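Participant: any chance you could fold what I've pasted below:
(chains A and B)
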Amino acid sequence: MPFHTHRLANGLQIIGETIPTARSVGVGFFVNTGSRDETIPVSGVSHFLEHMLFKGTPRRTALDVNLHFDRIGASYNAYTSEEATVFYAAVLPEYLPTAVDILADILRPSLREEDFETEKKVILEEIGMYEDMPSFAAGEYAKKIYYADHPLGNTILGSSQSIVDLTRDQMLGYFNSRYTAPNILVSVAGQFDWPEFIAMIETQCGHWPSDAAVRENLRPVPGAGGNHRMAKEGVAQEHVMLFSPGPSAEDSLRYAAATLALAIGDDTGSRFYWELIHPGHAESAGCSIDQSQQSGTTGSSFSCEPTKAAENLEIMLRVLAEVQKNSITADELDQAKSKISSRIVRHSERPMGRMRSIASAWIYNNEYHDIDVELNRFESVSLEDIRKVLERFPLTDTTIVAYGPTATEA
Amino acid sequence: MKQDVNHFTLPNGLTILAERMDHVRSATVSFLIPGGCSYDPPDQLGMGAILAEMLSRGAGERDAEQLSLAFDRLGVDHGETVGLLNMGLFGGTLARNVPFALELFADMVLRPTLPEEELESVQSLLIQDLQGLEDSPQDKVMIELRKRYYPSPLNRDRCGSEDGIEAVTIASLRNHHRKQLRPNGTILSIAGNIDWSMIRDKAEELFGDWPMAEVTKNTPTDGVPTSEHLHKETQQTQIAIAFPSVPMSHPAYFAARGAVGVLSSSGMSSRLFTEVREKRGLCYSVYASHETLKDRGTIYACAGSRAERAQETLDVMLAELRRLKDGIEIDEIDRMRASLKTSLIMQQESTSARAGAIARDWYHLGRVRSFDETQREIDGLNVSAVLDYASAFPFETPTLVTLGPAPLVLPA
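Facilitator: Next comes the predicted model:
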């Protein structure tokens, strides 16, 4: 697949992969900012700002933004994570210029006071919605425990209080320091013309400020250690999470680590499946690697009927200890690899999937690989690599966090 | 638009559909089998879900572990789900692995071991699943709404009931399998980079001997929908409303989809999102959707708002639904059509979307609607078609279920 890259004079980066057989095109603006870049007084500002970008610009009212996207039938949205705020759209090829016009425009928002106050209510509703979902609330609590005062433990939504207290001027200050050209990547994949695309971005974004934005606090995550539990009235299931260190997004062991996590905790056919789900002990169980800039976490979790929780925790700890001691078998490695290959191929068939994959590879490692190279990276994972992962990131080095109903509290 | 769909019905009634997509490497295999939870025995609700889970616990010559291993080696991500009317089996993989995947599915459907020693584990899993719903208010409120809106047995949920799950025995399960998993009425659909003659031969070889079985009746009773408030100490009150609509086979089906488009599904500029969220900040999530069964359709409208603002949310939602019949702008129709057209084209980049779409078409219409025909239907949508729909189905008699700290008042 032809890959292209370009950098504007102000530092904005552009990457693209042309897919001749695609029926559509996916485009995304990746702003290198998220909850880990927030200070306590502005907790939740990255996510709130993401919402405010849809509330209009000097050229568009809030309703115009939505109308203009909808008139071209775009499939569009945005999301905020610990370290990225992403605005994206998938459209039919003839509408790419309009999609880029809207996306680039909303990246320079008006942040009008009246819209700010209305959207504040929406954010408070979103916080309320997640508070009512124990699996989510459990994750938030666990993150706070494990990361302690490390910025990766910052909540993405913020708290009701921090959102109520946040002012429009604080948000503007954050915007000015983070939404600068060198801190933004534009990624495009699918059916499009590269020179035309560069020209569009140049016209729309060439005047954006070129100040550098620095990410601070890239210190390692020590991990809290220990065994923690929060009891909450009205919760039905017990949600248990185990964290240990994992490879960062830049670490060459990330392919092996992702393969290992799949062998341990995939939905079907994994160690956790056979030990916890298949016998009917737990309702769900999984293992995954959360990769961030210069930091990574291996997370295992399960949810179950509260009276079964203690026994299930013992099972999960035993499985992790066994893998730590004896690793996985060659068969398990092969199964995990064949599942990953199939998933990569299917994920890549949508331009939006490729748009995200190439952006992530470029942001963290300044590299591009087409699907076949990506497949090869997983194909070449050996048992020796898995052993290296286990040595550097022991699965037994866990912090345990539980969240469940008051009644069964120990 | 170019489209390559083939169809063949075996003498035993099994329908085989295949859509060739030569621009992809993958393929999705899907089975729709008439064994949804509406066919669960009334004293064993949850039977369908137990059966679906048990199918992967050993089939043909393979025990559970060997079967799982065989799927994994082929890189087949597979799933077994139970809907209201059908049981669904599906698997996504590289196109070259389809013939082997079909062999595994044939074992699961025709020759599942249904081992007695696994039944208790599956029951425990499904009871926990059921309890887990209490931690998911948005799912819970929809299940409770369907329970009160549809007549029996269409008001059931795949999760069943605790008593029902516990009442299932290995004998009743094996009997349910014999009765409900039958070729007549089953649709096997495959989309991806596949070769039709190979698929056809393989399917014939694997499923040709599958014996037909009598069609079980599940005629709905004459139930009357009822509204209800369910108490739960939550931050938000969940609001779920149902209105009668038309099924996919009805001439007004696209007009119904058009109405839902104007109200909700054609993006963030549609009416519910604009009025409830964007202008008033009443909620984070608000939407309307269309559901089609074989003989009837339903339009749902849902939102969640903090308890003190939930009444206003409900009032604004109902006002928006009811004023649809009073007029629609041409621009709203254009946006709705643009969104339908985009999703039609983007479906062609997903083998799972196409395998699902051709099976659904066949189930509801007895044929596969071509892209051109769908495009014509979309182009034919205009203001008067949607207004006519809104007048014929005027959103006047809502069935409302709320879940939260306090009941709401249904405006007159």
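Participant: show me where chain B dips below the pLDDT cut-off.
Facilitator: Within chain B, the stretches with pLDDT under 70 are B:1.
Participant: residue numbers of the stretch 201-350 of chain A in contact with chain B?
Facilitator: A:233-237, A:268-269, A:273-274, A:277-283, A:303-305, A:331, A:334-336, A:338-339, A:341-343, A:345-346, A:349-350 (Cβ under 8 Å from any Cβ of the partner chain). Backbone N, C-alpha and C define where each C-beta goes, glycine included.
Participant: what's the following helix or strand after the helix or strand harbouring B:Ser384?
Facilitator: Here B:Ser384, judged by DSSP states H and E, is contained in helix B:383-392. Toward the C-terminus, helix B:383-392 is succeeded by strand B:399-404 as the next helix or strand (DSSP H and E).
Participant: which stretches of the stretch 251-400 of chain B form strands?
Facilitator: Using DSSP state E, counting those that start in this stretch, the strands of the stretch 251-400 of chain B run over B:286-292, B:297-306, B:399-404.
Participant: so which of those strands comes closest to chain A?
Facilitator: strand B:297-306 (5.2 Å; Cβ to the nearest Cβ).
Participant: that closest one near chain A anywhere?
Facilitator: Yes. Strand B:297-306 comes into contact with chain A (Cβ under 8 Å from any Cβ), by way of B:Gly304, B:Ser305, B:Arg306.
Participant: in PyMOL, how would I select just the buried ones from the residues of the stretch 201-350 of chain A next to chain B?
Facilitator: The following PyMOL line selects those of those that are buried, judged by 16 or more other Cβ atoms under 10 Å in any protein chain shown:
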select buried, chain A and resi 235+236+237+268+269+273+277+278+279+280+281+282+283+303+304+305+335+336+338+339+341+342+343+345+346+349+350
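Participant: filter the residues of the stretch 201-350 of chain A next to chain B down to just the ones in strands.
Facilitator: Among those, the ones falling in strands (DSSP state E) are A:Ser303, A:Cys304.
Participant: not counting sequence-adjacent ones, nearest residue to whatever residue of the stretch 301-410 of chain A ends up closest to chain B?
Facilitator: The minimum distance from the stretch 301-410 of chain A to chain B, using Cβ to the nearest Cβ, falls at A:Ser342 (3.1 Å). Of all residues not flanking A:Ser342 in the chain, B:Gly75 sits nearest, at 3.1 Å (Cβ to Cβ, 6 or more residues apart in numbering or on different chains).
Participant: could you do B:Tyr287 as well?
Facilitator: The shortest distance from B:Tyr287 to any non-neighbouring residue, by Cβ to Cβ, 6+ apart, is to B:Ser264 (4.8 Å).
Participant: roughly how far does the one you found sit from B:Leu293?
Facilitator: According to Cβ to Cβ, to the nearest Å, B:Ser264 stands 20 Å off from B:Leu293.
Participant: neighbour-wise, which of these two wins?
Facilitator: A count of neighbours by other Cβ atoms under 10 Å in any protein chain shown puts B:Ser264 above the other of B:Ser264 and B:Leu293, at 23 against 18.
Participant: what residue lies at the spatial centre of the chain?
Facilitator: No chain specified, so I'll use chain A. With distances taken as Cα atoms, centre = their mean, the residue of chain A nearest its centroid is A:Ser81 (5.2 Å).
Participant: nope, chain B please
Facilitator: By Cα atoms, centre = their mean, chain B has its centre lying nearest to B:Gly83, at 6.1 Å.
Participant: rewinding a little: need the contact list for the residue of the stretch 301-410 of chain A closest to chain B.
Facilitator: If you count contacts by Cβ atoms under 8 Å, 6 or more residues apart in numbering or on different chains, A:Ser342 has them with B:Ser26, B:Leu74, B:Gly75, B:Val76, B:Asp77, B:Gly92, B:Thr93, B:Leu94.
Participant: which one of the residues you listed sits closest to chain A?
Facilitator: Nearest member of the contacts of A:Ser342 to chain A, counting by Cβ to the nearest Cβ, is B:Gly75, at 3.1 Å.
Participant: from what I see, the closest one and B:Ala95 are in contact.
Facilitator: No. The criterion here is Cβ atoms under 8 Å, and B:Gly75 misses it with B:Ala95 at 11.3 Å.
Participant: look at those two and report which has more neighbours.
Facilitator: Between B:Gly75 and B:Ala95, B:Gly75 has the larger neighbour count (other Cβ under 10 Å), namely 24 against 21.
Participant: which SSE is the more buried one in?
Facilitator: Per DSSP H and E, there is no helix or strand for B:Gly75.
Participant: coming back round to it: not counting its neighbours along the chain, what's nearest the residue nearest to the centre of chain A?
Facilitator: A:Gly34 (5.2 Å).
Participant: burial measure for the one you found, as a count.
Facilitator: A:Gly34 has 25 neighbouring residues, counting by other Cβ under 10 Å.
Participant: ditto for B:Leu206
Facilitator: Neighbours of B:Leu206 using other Cβ under 10 Å come to 19.
Participant: same check on A:Tyr364?
Facilitator: By other Cβ under 10 Å, the residues close to A:Tyr364 number 18.
Participant: part of a helix, is it?
Facilitator: Yes. Checked against DSSP: H, G, I helix; E, B strand; the rest coil, A:Tyr364 lies within a helix.
Participant: gap between the nearest residue to it once chain neighbours are set aside and A:Ser292?
Facilitator: The spatially closest residue to A:Tyr364, leaving aside those adjacent along the chain, is A:Ala249, at 4.1 Å (Cβ to Cβ, 6+ apart). The gap separating A:Ala249 from A:Ser292 is 6 Å, by Cβ to Cβ.
Participant: of the two, which one has the most company?
Facilitator: Shown here are A:Ala249 and A:Ser292; by other Cβ under 10 Å, A:Ser292 has more neighbours (22 against 19).
Participant: hang on, isn't A:Lys120 packed against A:Ser160?
Facilitator: No. Counting by Cβ under 8 Å, A:Lys120 does not reach A:Ser160; the two are 10.3 Å apart.
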